[in-house]
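Engineer: Test case, fold it:
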Amino acid sequence: MIGLLADDLHGMPARMSDDGDQPTRQEAEQLLRSGLAKAMRETAAQYSVPLAWVYADQGRPVVPSNGSAFLLDCGEGPFLVTADHVLAGFLKDKADHADAKAILGETVIPLDERIIARDRAHDVATLRVTAVEVADLKRYGKVPLTGSQSKWPPAPPCVDRGVFFVGFPGGEGRKVEWKGGGRVDIEFEAYTALAVASSVSATGLSLLFEHEQSFDAGLRPRMPTRDNMGGCSGAPILTFVEQRRVFSWRLGGVVNEAVDGLVKAARADCINPDGTLNAHPDPLAYRRDRDLSAWEEGQSS
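Structural biologist: Residues are numbered from 1 along each chain as shown. Reported below is the predicted structural model:
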């Protein structure tokens with residue numbers, strides 16, 4: 001996490017605690033329209049990574065879906081975080097297509113062999129990464145989100161305060177080019193948007209933003225259509241923090257749904273420093289999730 005001085009937005013990094021205040025959405029927009037916008041998008045873009053997978057169909061590459069992910073280091077080494085339904089999508093396609101390969105940025109990674117923990121109620125999954133993969137991602141411009149809070153977990157966002165997320169929507173934001181000889185290039189455009197934490201529960205966040213009024217921080221030439229926000233699942237929610245005129249951010253949650261001006265996320269405190277996950281406090285959440293999954297499978301059959 002990078003700290004930015006209010007008087008000199010390109011100042012030296014500053015270590016932050018959880019004691020700072022969160023700017024309102026209006027205050028955050030004013031900051032983004034100042035020199036903070038460039039610094040924010042450059043820094044935030046280092047965290048979120050596009051995650052897609054590809055398999056061959058009649059000799060041609062197929063990219064059935066994509067999501068977002070990020071490296072997190074809570075003090076015990078980096079691991080990968082994404083939405084559980086993104087991982088589930090890959091595992092299903094891997095079961096149907098043995099040649100399916102997951103691509104994290106530009107790095108092929110065997111997700112099915114790296115699972116640390118999964119939780120369908122939180123909709124979060126964590127996976128191991130090697131030092132070589134972390135180095136590869138660094139060359140791709142991605143670094144672990146460390147979070148400079150004094151202790152883990154970080155405090156959740158406050159209601160009616162500004163947060164932002166960086167994700168990789170599908171649709172026009174994803175370009176697939178077949179190079180022949182089994183090579184396929186996948187290019188993504190990152191999208192950064194401000195949102196308001198409209199509700200914060202013991203396990204999740206609900207964020208609201210309006211496509212007509214959201215402030216695009218400049219990572220995309222235009223906003224994605226409402227139907228193409230799904231690729232943001234697995235992206236980090238970042239909470240603005242201000243303390244003594246130093247602005248910074250910390251992990252607020254993991255996006256698990258993004259559609260029609262509504263973003264839902266699991267709170268960051270479901271994740272432990274070693275990558276394990278805390279169980280959802282409501283046992284019925286797992287039953288509801290199973291019932292919903294069964295209904296969705298019935299609808300698709």
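Engineer: which residues in the chain form helices?
Structural biologist: Counting by DSSP state H, the chain has helices at residues 25-32, 36-44, 84-96, 131-139, 284-300.
Engineer: count of residues packed around residue 234?
Structural biologist: 30 (other CB atoms under 10 Å). Where you see a C-beta, it was placed from the backbone N, CA and C, and this is true even at glycine.
Engineer: Help me confirm that it comes into contact with residue 88.
Structural biologist: No - if you go by CB atoms under 8 Å, residue 234 and residue 88 don't touch, sitting 11.5 Å apart.
Engineer: For stretch 236-253, buried residues please.
Structural biologist: The neighbour-count check on stretch 236-253 (16 or more other CB atoms under 10 Å) flags 236-242, 246-253 as buried.
Engineer: meant to ask about stretch 198-210, not that
Structural biologist: 200, 203, 204, 205, 206, 207, 209.
Engineer: so what's the first one up against?
Structural biologist: Counting by CB atoms under 8 Å, 6 or more residues apart in numbering, residue 200 makes contact with 156, 157, 158, 159, 206, 267.
Engineer: of these, buried ones?
Structural biologist: With neighbours counted by 16+ other CB under 10 Å, the contacts of residue 200 contain buried members at 156, 157, 158, 206, 267.
Engineer: Among these, which ones are in strands?
Structural biologist: The strands, defined by DSSP state E, take in 206, 267 from the buried ones among the contacts of residue 200.
Engineer: Could you dump the buried ones among the contacts of residue 200 into JSON lines and include distance to residue 30?
Structural biologist: Converted to JSON lines, those look like this (distance: CB to CB, whole Å):
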{"residue": "156", "distance to residue 30": "23"}
{"residue": "157", "distance to residue 30": "18"}
{"residue": "158", "distance to residue 30": "18"}
{"residue": "206", "distance to residue 30": "24"}
{"residue": "267", "distance to residue 30": "27"}
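Engineer: nearest to residue 120, of the buried ones among the contacts of residue 200?
Structural biologist: Lowest distance from residue 120 to these (CB to CB) belongs to residue 267, with 15.7 Å.
Engineer: Give me the distance between that closest one and residue 156.
Structural biologist: Residue 267 sits 5 Å away from residue 156, taking CB to CB, to the nearest Å as the criterion.
Engineer: Name the residues contacting each of the two.
Structural biologist: Common neighbours of residue 267 and residue 156 are listed as 200, 205, 252, 253 (criterion: CB under 8 Å, 6+ apart).
Engineer: Could you pull up the contacting residues of the second one?
Structural biologist: Same thing as residue 205. By CB under 8 Å, 6+ apart, the neighbours of residue 205 are 156, 157, 163, 197, 199, 237, 252, 253, 264, 265, 266, 267.
Engineer: how close does it sit to residue 102?
Structural biologist: From residue 205 to residue 102 the distance is 27 Å (CB to CB).
Engineer: do the same with the first one
Structural biologist: For residue 200, the distance to residue 102 equals 32 Å [CB to CB].
Engineer: same deal with the third one?
Structural biologist: The gap separating residue 252 from residue 102 is 26 Å, by CB to CB.
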